[in-house]
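# With the sequence up front, the predicted model follows.
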Amino acid sequence: MTTLKHYLQFNDLTADEYTYLFERAALIKKKFKAYEKHHPLVDRTLAMIFEKASTRTRVSFEAGMYQLGGSVVHLTTGDSQLGRAEPIEDSAKVISRMVDLVMIRTYEQTKIVRFAEHSRVPVINGLTNEFHPCQILADIFTFIEHRGSIQGKTVAWVGDGNNMANTWLQAAALLGFKVHVSTPRGYEIDEKLAVGAGGISASSYQFFSNPLEACQGADLVTTDVWTSMGYEAENEERKKAFADWCVDAEMMAAAQPDALFMHCLPAHRGEEVEADVIDGPQSVVWDEAENRMHVQKALMEYLLLGRVA
Ligand code: CP
Ligand code: NVA
């Protein structure tokens with residue numbers, strides 16, 4: 001029996017646990033590629049709750065859980081009592097009596113925290129307004145696959161100070177790398193969110209008002225949509241504010257010659273990234289998307305069974 005552990009933000013695991021997870025994900029991926037059965041979660045059920053849209057998160061968790069020998073239940077706001085104002089605490093008590101693991105994609109982080117407080121089983125953050133830890137788990141795994149350890153490296157974040165940016169900052173403080181952040185004025189990251197496990201320090205975070213300068217010397221350049229889910233009403237205003245925060249060939253040229261480009265997807269070519277970058281030789285976005293499944297399989301196995309190797 002493992003102790004109850006949730007994955008609500010990147011800081012919920014230690015650097016040592018991440019080392020284990022990255023090694024485990026590599027092994028699980030290798031088995032998957034070799035069509036080798038890996039069924040540690042037979043008879044276990046994952047409930048996936050989506051209050052926002054998804055392609056990658058849905059497919060990677062659902063396919064991943066089946067590949068581990070388990071099964072899934074898929075719920076959305078529209079087709080469950082969640083959309084009819086049943087208290088989140090009551091939903092947590094009920095759902096967690098019937099399944100072994102819960103993944104939630106929702107709006108405020110406080111909602112997932114409240115769910116976890118009343119859950120009998122581990123809860124995984126599949127994206128909130130504030131954080132997207134499963135994506136950064138996949139991104140760092142992808143970096144390691146291509147370039148080795150991320151420790152001591154520099155990541156350039158170009159764009160919105162959003163859930164992805166906040167999670168990169170947590171990861172940098174925890175795993176010992178630096179994030180150069182460039183956002184338009186008014187869209188800066190909320191530094192308080194990244195506090196914990198070392199918090200924000202000059203060694204893990206530097207702000208640049210000029211996105212080109214943020215990319216200088218970076219080992220990885222990454223961005224995300226200008227308008228995240230839930231902020232659609234601000235779309236037109238954001239398009240104006242973010243016009244200069246489009247990752248292009250000039251920004252990639254300012255980075256290290258072997259710099260990688262990442263984007264969590266979905267992408268808008270011609271907005272936050274030019275097509276020749278996202279579809280170019282430095283882009284690893286398809287590996288990044290695929291790796292969601294492999295790292296989440298390692299994560300689900302870990303939350304339910306602890307270290308198995
Ligand atoms: N990157 C990501 O979380 O994609 P989806 O919104 O398609 O799940
Ligand atoms: N920041 C984006 C990520 C989508 C995967 C959003 O929250 O919509």
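It's in. Ligands and ions are numbered 1, 2, ... in the order given.
# my read: residue 156 touches residue 213, true?
No - between residue 156 and residue 213 there is no contact under CB atoms under 8 Å: 9.3 Å. For every residue, glycine as well, the C-beta is placed using N, CA and C.
# Could you name every residue contacting both of the two?
180, 182 (CB atoms under 8 Å, 6 or more residues apart in numbering).
# what's the longest helix in this structure?
With secondary structure taken from DSSP state H, the chain has its longest helix at helix 285-305.
# quick one: low-confidence parts of this structure?
Scanning the chain for pLDDT under 70 picks out the ranges 1, 195-199.
# So which bits of it are right by ligand 2?
The chain comes close to ligand 2 at residues 127, 162-164, 224-225, 228-229, 264, as judged by CB under 6 Å from any ligand atom.
# show me which of these neighbour ligand 1.
Applying CB under 6 Å from any ligand atom to those, one finds that 127, 264 fall near ligand 1.
# which residue packs closest to residue 122, ignoring adjacent ones?
Spatial nearest neighbour of residue 122, chain neighbours left out: residue 303 (4.1 Å); criterion: CB to CB, 6 or more residues apart in numbering.
# didn't that neighbour look like it was pressed against residue 124?
Yes - judged on CB under 8 Å, residue 303 makes contact with residue 124 at a distance of 7.2 Å.
# what about the two, which has more around it?
Neighbour count, other CB atoms under 10 Å: between residue 303 and residue 124, residue 124 has more, with 25 against 20.
# Just list what whatever helix or strand that one lives in packs against, helices and strands only.
Applying DSSP states H and E as the criterion places residue 124 in strand 123-125. Judged by 3 or more CB pairs under 8 Å, 6 or more residues apart in numbering; DSSP states H and E, the packing partners of strand 123-125 are strand 101-105, helix 109-117, helix 133-147, helix 285-305.
# so which of the ones you listed comes closest to residue 220?
For residue 220, the closest of these is helix 133-147, at 6.0 Å, according to CB to CB.
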